[in-house]
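# Sequence first, then the predicted structure, then my questions.
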4 protein chains.
Amino acid sequence: MSNSYGKLFRITTFGESHGKGVGVVIDGCPAGLEISREEIQLALNRRKPGQSNLTTPRQEADQVEILSGIFEGKTLGTPIALVVYNQDAESKDYSHIQNAFRPSHADYTYTAKYGHRDHRGGGRSSARETLARVAAGAIAAKLLERQHVKIATYVSQVGKIQVRKPYQQLDFSKIESNAVRCPDGKTASRMIRLIEETRDKHDSIGGVVSCVIQGVPAGWGEPVFDKLHAELGKAMLSINAVKGFDYGSGFDSLGMTGSQHNDIFFQDSSGNIQTKTNYSGGIQGGISNGQDIYFRVAFKPVATILQTQNSIDAQGNEIQLEGKGRHDPCVLPRAVPIVEAMAALVLADFMLRAQVSKL
Amino acid sequence: MSNSYGKLFRITTFGESHGKGVGVVIDGCPAGLEISREEIQLALNRRKPGQSNLTTPRQEADQVEILSGIFEGKTLGTPIALVVYNQDAESKDYSHIQNAFRPSHADYTYTAKYGHRDHRGGGRSSARETLARVAAGAIAAKLLERQHVKIATYVSQVGKIQVRKPYQQLDFSKIESNAVRCPDGKTASRMIRLIEETRDKHDSIGGVVSCVIQGVPAGWGEPVFDKLHAELGKAMLSINAVKGFDYGSGFDSLGMTGSQHNDIFFQDSSGNIQTKTNYSGGIQGGISNGQDIYFRVAFKPVATILQTQNSIDAQGNEIQLEGKGRHDPCVLPRAVPIVEAMAALVLADFMLRAQVSKL
Amino acid sequence: MSNSYGKLFRITTFGESHGKGVGVVIDGCPAGLEISREEIQLALNRRKPGQSNLTTPRQEADQVEILSGIFEGKTLGTPIALVVYNQDAESKDYSHIQNAFRPSHADYTYTAKYGHRDHRGGGRSSARETLARVAAGAIAAKLLERQHVKIATYVSQVGKIQVRKPYQQLDFSKIESNAVRCPDGKTASRMIRLIEETRDKHDSIGGVVSCVIQGVPAGWGEPVFDKLHAELGKAMLSINAVKGFDYGSGFDSLGMTGSQHNDIFFQDSSGNIQTKTNYSGGIQGGISNGQDIYFRVAFKPVATILQTQNSIDAQGNEIQLEGKGRHDPCVLPRAVPIVEAMAALVLADFMLRAQVSKL
Amino acid sequence: MSNSYGKLFRITTFGESHGKGVGVVIDGCPAGLEISREEIQLALNRRKPGQSNLTTPRQEADQVEILSGIFEGKTLGTPIALVVYNQDAESKDYSHIQNAFRPSHADYTYTAKYGHRDHRGGGRSSARETLARVAAGAIAAKLLERQHVKIATYVSQVGKIQVRKPYQQLDFSKIESNAVRCPDGKTASRMIRLIEETRDKHDSIGGVVSCVIQGVPAGWGEPVFDKLHAELGKAMLSINAVKGFDYGSGFDSLGMTGSQHNDIFFQDSSGNIQTKTNYSGGIQGGISNGQDIYFRVAFKPVATILQTQNSIDAQGNEIQLEGKGRHDPCVLPRAVPIVEAMAALVLADFMLRAQVSKL
């Protein structure tokens, strides 16, 4: 029930951090879409660790395998099952916490909910589950290409260091040019220094991933509950470590009045309807209006740090937790492809829904 | 499809602003719950306009009628249908905009999506739809009472004026003591002054509604996609004019490191598991941990203002829109019961889901 | 949850037999469909009692009211809420059974499931709930008209008296020409005589409603679980008193071999793909192939009879139940519009689903 | 969407006949259930071919692999992914039909729906997909064991040869004692002879699988649309080659009157509510009443026969199809575990749903 996302382009993920594998079943992708294993692999490679000295040294092959749903290079319209086998799990790293509740992790809440949990690497709560989302997102992105929808995702803030230019002045082709995935070179350098300092202190730091989507036509989204920005919000908030979401002017709209904030319509020379400003973030009444859609996703500093912390175990005894294993001081760069994948999944779903809205 | 919310405690709303009525069908409320029409009416009264000179002068009886599902004062377990008939619609107010696209409203996007729309009062996009949510929320709240869950909702910010105390220092019994529903008297006065100034300028202003939920036991929520905070986020973002959502430390976590941000577990004298701090906002890994759940909902300044604005009509002609009709300079006070209702609906759903999570 | 039907064309019904009203919310009907209150009323009139001296003398105005979703004669794409108020309930008829479990009724099972039930007229288990389905079916039928899909439904068997001609030899325009809704005049007379005899004995008799659907193009239906005939089966089995369902050759296929049963493909003079026989009932692998779809729905003799019966009450005491109130000796004629409505609802759902199956 | 089944105990299957593998993801199984790979494998072994000389000689290892959701022998409450890799596919058998539409198969309808299909072995329409259902059914059955629910499934008819005893006189322990899985020895012998004759003629024959479920308490099932027998009907009709379904007295009720058909309630010596007869098949108003639940599933003679048949190809040319490959003259014995698995899946879903019906 809760391990599925989407109404028409629907994915169900499975897999724990240290189980045999993680994967996803995509149900509802229309038949005839050209997609190859390499394209999906490419998306996964963007996510996998070991990309730079900023991220965790855990090495994984992360090779995706297609079990069904694609034949002769095209989707069949039947469920597409993708699997990635866990190879570099190192279960021994977690034996010391088998019975412990790590601070701000899901150990305690999973125990309260299920009674029985897989303590290794966080089990189902591990961020490795997001690998399945990225794989599915690659297929969703392929579907969106036919609509000429473009998604750009980047790190816009680490700690208190933020990109201060409006996104229209950024060069998205520079996102992959540095390890922190920030398209503004100067800010990227400062971010990298901050992350390195944080790692040296055995601590962690959070930040913001921003996303800009261009090319969505007017009419995507639903009124009332499945508003486009509400679904985007749920999708982003479901990513590990996310604490907040806003779109368009977001929390900044609090300092404006309606007369300042309203986006005035006009018709351009080609006869298309545009708005002079875009505080709406491309969405009005929960439905796209053709303007750029942009939003922010706030990530807390992750709970897994290499410092010693006090805690308790399942019996309530006080214990001391040594920071062990392999961890990220800052997950923001790795979160970028996950935010992008979730955006693609949401949009693919609405792309299909738009086909049955009117006669 | 998209006019429904919830998996086990599921509501479907219907109704346009100027149609015959708005209502909701609740499917999945367990049998045996004691609920009366008066209790539901009380919740609606909190929402209805005309409460003070700060809000719109539109007068409505807003009397709820129970069509099914309740017998001899208790729920039957069958669908509960509630209806409120629109009495004070004044269709003549909207004739001048029949063909116009009002700035930052849903007129254009609904036209793009459906081709055919009810232009009167915004049709389905009108905030009157939220009346149905409040009615359903009253029943959800009744269910939660059995679990001793308490929800407190209040306005914490209007424009740039915000409550600066942590919520633990606020007296929630004061929320209803002023027209702006802010439990801090001094801040409330400043907020009221700002709203009055805004109204005199025929403009609008936004703000933040905060919510604190106490008494939720550990174990509510689902991993992966239906995380408790993700569902809360979607629910809140689906309310008209909402631009952002964060929970716990939210966007403020960006200025902290992991070692500062982690909530350390301990066992209290009664043997219960607690945390020393609560930046987690009571949710870890998407599942409640027994601590207070708290979040913020950011509302933009509403698009309906009484100033003249430029725009275009459906044929692309330039027009001038006179501000007419009855409008709110600040919807925050009226949004409070809606935020509270959505919180109750989300929690009721998870309360039921928790009953099937383990043997 | 369980009071809804359909994925894309989704209905949620509500209402008990003796509550204020019964109704339905239709979510997902595309915008722009022309539909009037009169068209829906016409469908309801086909269902309502008092049509002949064969059916129950309960008189109802059964006037449908549109609360939302339709504006200026066309659907808005927003939820359509329809309500019919119960006028001729006569609660006093049921006071003697408040605590009793009537044989083969749902009194006992509802008590076991919910603890609390509305004993009047069977509450939610009453066939009056089907009124809501017929109203929704009228809208589904309007949608199907655009595809030139024609549904013919008729009584093909009462007790052991059955129509012995293949449906191709029947004149469907004769269905409404007699009270038992059988298009074969001679068989109809014999059926009517049997029903009258049964009524004189204060007993009840069952039968079969047959349905023939023409004009469905190839490609409607889904593989695996949501096969077209599986959804039709569920829809029909959800109607009160239904005990069995088969389609195409159905149970008759048991006496045939594969070589006799296979439908051989050929291409007709217009280049269309046809089959020489149609034991498949127009569905192969769960998906329509363009041929006529036909199926049978078996109705048991209803449990409500006017004879005295032994039973027990909720405390287990032996009691005697007098047959009182107003009842049908044979529900088959009234079931015809319900079977037709369910068929329309299933097909409308698949009509929409077919629009997102391939690029 | 359509490759999933169930609301709370929800399965999504994937895989084509000649793809890499088939499998299933089970979402919603409560945590703490003890289950082993061997138990699931046992269920699969019952299904696999090569059991006798009555069935297809296709040999498969059919070894199931658990990818997630089970840890230390117990379910985690997270999704359980099971995979079986296809080993003995023999793609070369199907090259001659790559472009052909086999009579009464899904070749044509899949092409009409998707445009692109996997022609090998029927692709997704192949009965190998049911392997995934059987694997999932094993876990559902484990859950039901805790409720002491027992499911007995057997072949009750092949062609016109049927078991003539009521099920209460059958010894279910004899089901596995012969190749046709009929607990009545004499009838089984005649069935076997008929199947052998049919195979020698290169033809196929159909029949009926009967199912008897004991131990279901009163209260399982939902009113209106998700009636227990309606869900069972949909589940059974979704199995390949199924043409009909009835429960309790089923189509036999047509020859009875209400006074004959009603099941009279009484209280037994232990104080439990029973019925004197059970034409209701243990279900009233769509909800279980504690009596045995029994139903029939009618299977057509399968379309794949080893005779030469006329047909057309995708361009409409007339062709002749040679019967090649490996096929079953009668799928009934192999269908028994599939019917049983579907029954378990339906019941497990309702077992969970019953937990949230009342306070």
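The structure has been received and is ready for your questions. Numbering: from 1, shown residues only, chains lettered A, B, ... in the order given.
# Is chain D within reach of the longest helix anywhere in chain A?
Taking DSSP state H as the criterion, chain A has its longest helix at helix A:332-353. No - judged by C-beta under 8 Å from any C-beta of the partner chain, helix A:332-353 makes no contact with chain D; its nearest approach is 10.1 Å. (Each C-beta comes from the backbone N, C-alpha and C, glycine too.)
# how about that helix against chain C, any contact?
Yes - Helix A:332-353 is in contact with chain C by C-beta under 8 Å from any C-beta, via A:Leu352.
# And that helix, what does it pack against?
Judged by 3 or more C-beta pairs under 8 Å, 6 or more residues apart in numbering or on different chains; DSSP states H and E, helix A:332-353 is in contact with helix A:37-47, helix A:130-145, strand A:150-158, strand A:207-214, helix A:228-237, strand A:293-299.
# how distant is stretch A:66-78 from the center of its chain?
25 Å (C-alpha atoms, centre = their mean, to the nearest Å).
# Describe which strands the lowest-mean-pLDDT helix or strand in chain A pairs with in its sheet and in which direction.
Sorting the helices and strands of chain A by mean pLDDT, DSSP states H and E puts strand A:100-101 at the bottom, at a mean of 78. Its sheet considered, strand A:100-101 pairs with strand A:309-313 (antiparallel) by DSSP bridges.
# Mind listing what's buried along the strand it pairs with?
A:Gln309, A:Ser311, A:Ile312, A:Asp313 (16 or more other C-beta atoms under 10 Å in any protein chain shown).
# Show me the contact partners of it.
A:99-103, A:318-321, A:323, B:259, B:262, B:264-267, B:273 (C-beta atoms under 8 Å, 6 or more residues apart in numbering or on different chains).
# Show me just the buried residues among the residues you listed.
Judged by 16+ other C-beta under 10 Å, buried ones among those: A:Ala100, A:Phe101, A:Arg102, A:Pro103, A:Ile319, A:Leu321, B:Ser259, B:Asn262, B:Phe265, B:Ile273.
# Same list, those, but as TSV with distance to B:Ile293 please.
As requested, those are exported to TSV (distance: C-beta to C-beta, whole Å):
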residue	distance to B:Ile293
A:Ala100	24
A:Phe101	19
A:Arg102	20
A:Pro103	18
A:Ile319	27
A:Leu321	25
B:Ser259	24
B:Asn262	18
B:Phe265	17
B:Ile273	16
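# Filter the residues you listed down to the ones in strands?
Taking DSSP state E, the ones among the buried ones among the contacts of strand A:309-313 that sit in strands are A:Ala100, A:Phe101, A:Ile319, A:Leu321, B:Phe265, B:Ile273.
# and of these, the nearest to chain C?
B:Ile273 (33.2 Å; C-beta to the nearest C-beta).
# For A:Gly73, grab the count of nearby residues.
Around A:Gly73 there are 11 other residues, counting by other C-beta atoms under 10 Å in any protein chain shown.
# dump the residue contacts of it.
Per C-beta under 8 Å, 6+ apart, neighbours of A:Gly73: A:Glu34, A:Ile35, A:Ser36.
# give the contact list for the first one.
Residues counted as contacts of A:Glu34 (C-beta under 8 Å, 6+ apart) are A:Gly73, A:Lys74, A:Lys142.
# Is the second one in contact with A:Ser36, as I believe?
Going back to what we said before, that points to A:Lys74. No - applying C-beta atoms under 8 Å, one finds A:Lys74 not in contact with A:Ser36, separated by 9.8 Å.
# Between these two, which is the more surrounded one?
Comparing A:Lys74 with A:Ser36 by other C-beta under 10 Å, the one with more neighbours is A:Lys74, at 17 against 14.
# Dihedrals phi and psi, the more buried one?
phi -130, psi 150 (degrees, to the nearest 10).
# show me what contacts it?
Counting by C-beta under 8 Å, 6+ apart, A:Lys74 touches A:Ala31, A:Gly32, A:Leu33, A:Glu34, A:Ile35, D:His116.
# For beta bridges, what are the partners of it?
Here A:Lys74, judged by DSSP bridges, has bridge partners A:Glu34, A:Phe71.
# And the pLDDT at A:Asn262?
The model reports A:Asn262 with a pLDDT of 88.
# What of the one 3 residues further on?
Per-residue confidence (pLDDT) for A:Phe265: 89.
# is it true that it touches B:Pro103?
Yes - contact criterion C-beta under 8 Å: A:Phe265 and B:Pro103 qualify, at 6.1 Å.
# distance from the centroid: which residue in chain A tops it?
Distance from the C-alpha centroid of chain A, by C-alpha atoms, centre = their mean, peaks at A:Ser269 (37.2 Å).
# What strand or helix carries that one?
Here A:Ser269, judged by DSSP states H and E, is contained in no helix and no strand.
# Would you mind getting the angle between the longest helix of chain A and helix A:37-47?
For helix A:332-353 against helix A:37-47, the angle by axes from the mean of the first three to the mean of the last three C-alpha atoms, to 10 degrees is 140 degrees.
# show me where pLDDT drops low in the stretch 251-359 of chain A?
Counting by pLDDT under 70, the stretch 251-359 of chain A has low-confidence residues at A:324-326.
# One more pass at 80, please.
A:303-305, A:322-327 (pLDDT under 80).
# Residue in it with the shortest distance to chain B?
Among the residues of the stretch 251-359 of chain A, A:Gly285 lies nearest to chain B; the distance is 2.4 Å by C-beta to the nearest C-beta.
# okay, now the residue nearest to that residue when sequence neighbours are not counted: neighbour count?
Once flanking residues are discounted, A:Gly285 sits nearest to B:Ala106: 2.4 Å by C-beta to C-beta, 6 or more residues apart in numbering or on different chains. Neighbourhood size, B:Ala106 [other C-beta under 10 Å]: 28.
# looking at it, B:Ala106 is touching A:Ile283, isn't it?
No - counting by C-beta under 8 Å, A:Ile283 is not a contact partner of B:Ala106; they are 9.6 Å apart.
# Return the closest of the buried residues of strand A:309-313 with respect to B:Pro217.
When the buried residues of strand A:309-313 are compared for distance to B:Pro217 (C-beta to C-beta), A:Ile312 wins out at 18.0 Å.
# who's the closest one bridged to?
Beta-bridge partners, per DSSP bridges, of A:Ile312: A:Phe101, A:Glu318.
# Need the contacts of A:Lys74 in TSV (columns: pLDDT and distance to A:Pro183).
Listed next are those as TSV, based on pLDDT from 0 to 100; distance: C-beta to C-beta, whole Å:
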residue	pLDDT	distance to A:Pro183
A:Ala31	93	37
A:Gly32	93	35
A:Leu33	95	30
A:Glu34	96	29
A:Ile35	95	28
D:His116	77	39
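# Narrow those residues to those that are buried.
Buried subset of the contacts of A:Lys74 (neighbour count, 16+ other C-beta under 10 Å): A:Ala31, A:Leu33, A:Ile35, D:His116.
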